[in-house]
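In: Curious how this folds, go ahead:
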Amino acid sequence: MRLTRIVAVTLLLALLTTSAACASNTTVDAEKMRANVRGDIAQVMTDIAAAEEADPSIALSSNPFTYAEKSPALDRLVARGTPALESVVSEIEDSPENGLREYLLAIAGQRILGGEKIKGAWSTGKEWAGYYRANK
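Out: Numbers count the residues shown, from 1 in each chain. So this is what the prediction gives:
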């Protein structure tokens, strides 16, 4: 009987230790993904600035999709897939701005979703993030 308790307690401790380690890894993974998303969108903005410098007429466009096509980093962000969605939305929500950067993040999020379109019309990144949260 005593041996059974010892084995049961040992197994319980092993399970709790493993669960704690998994939760810790999830936090690290989320932080790493957030850093990757920040790096990708920073590169997108750098690519856009370089494209505008090479062709100043690009800066005249009011269509965010024009800018989205100027950076392979946006494709890299989209390729991160569904695991990047939470980081994309959080980046939009946490930003004090609601401009091109946030709109490009929303474009990336929408492309990640693919056929799953967000319900509701959106015209800013923050609107997209709000609709994403409401429909998720």
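
In: Quick one: the strands in the chain, in order.
Out: Along the chain, no segments are classed as strands by DSSP state E.

In: pLDDT below threshold where in it?
Out: Counting by pLDDT under 70, the chain shows low-confidence ranges at 1-26, 115.

In: Quick check, central residue of it?
Out: residue 88 (2.5 Å; CA atoms, centre = their mean).

In: Leaving out the residues flanking it, which one is nearest to that one?
Out: Nearest residue to residue 88 in three dimensions, chain neighbours excluded: residue 109, at 4.5 Å (CB to CB, 6 or more residues apart in numbering). Backbone N, C-alpha and C define where each C-beta goes, glycine included.

In: Tell me if I'm right that the one you found and residue 133 touch.
Out: No. Taking contacts as CB atoms under 8 Å, residue 109 lies outside contact range of residue 133: 11.2 Å.

In: Which one's more surrounded, the two?
Out: Taking neighbours as other CB atoms under 10 Å, residue 109 and residue 133 compare with residue 109 leading, 24 against 11.

In: Could I get the full set of helices for this structure?
Out: Counting by DSSP state H, the chain has helices at residues 2-54, 64-68, 72-79, 85-94, 100-113, 125-135.

In: Show me which residues of the second one are buried.
Out: Along helix 64-68, these residues count as buried under the neighbour rule (16 or more other CB atoms under 10 Å): 64, 67, 68.

In: Between those, which sits nearest residue 94?
Out: residue 64 (19.7 Å; CB to CB).

In: and the gap between the nearest residue to that closest one once chain neighbours are set aside and residue 32?
Out: Spatial nearest neighbour of residue 64, chain neighbours left out: residue 103 (4.5 Å); criterion: CB to CB, 6+ apart. Distance of residue 103 to residue 32, given as CB to CB, to the nearest Å: 25 Å.

In: Name the residue in those two with the higher neighbour count.
Out: Taking neighbours as other CB under 10 Å, residue 103 and residue 32 compare with residue 103 leading, 22 against 11.

In: Relative to residue 29, how far out is that one?
Out: With CB to CB as the criterion, residue 103 and residue 29 are 27 Å apart.

In: Could you do residue 42 as well?
Out: Taken as CB to CB, the span from residue 42 to residue 29 is 20 Å.
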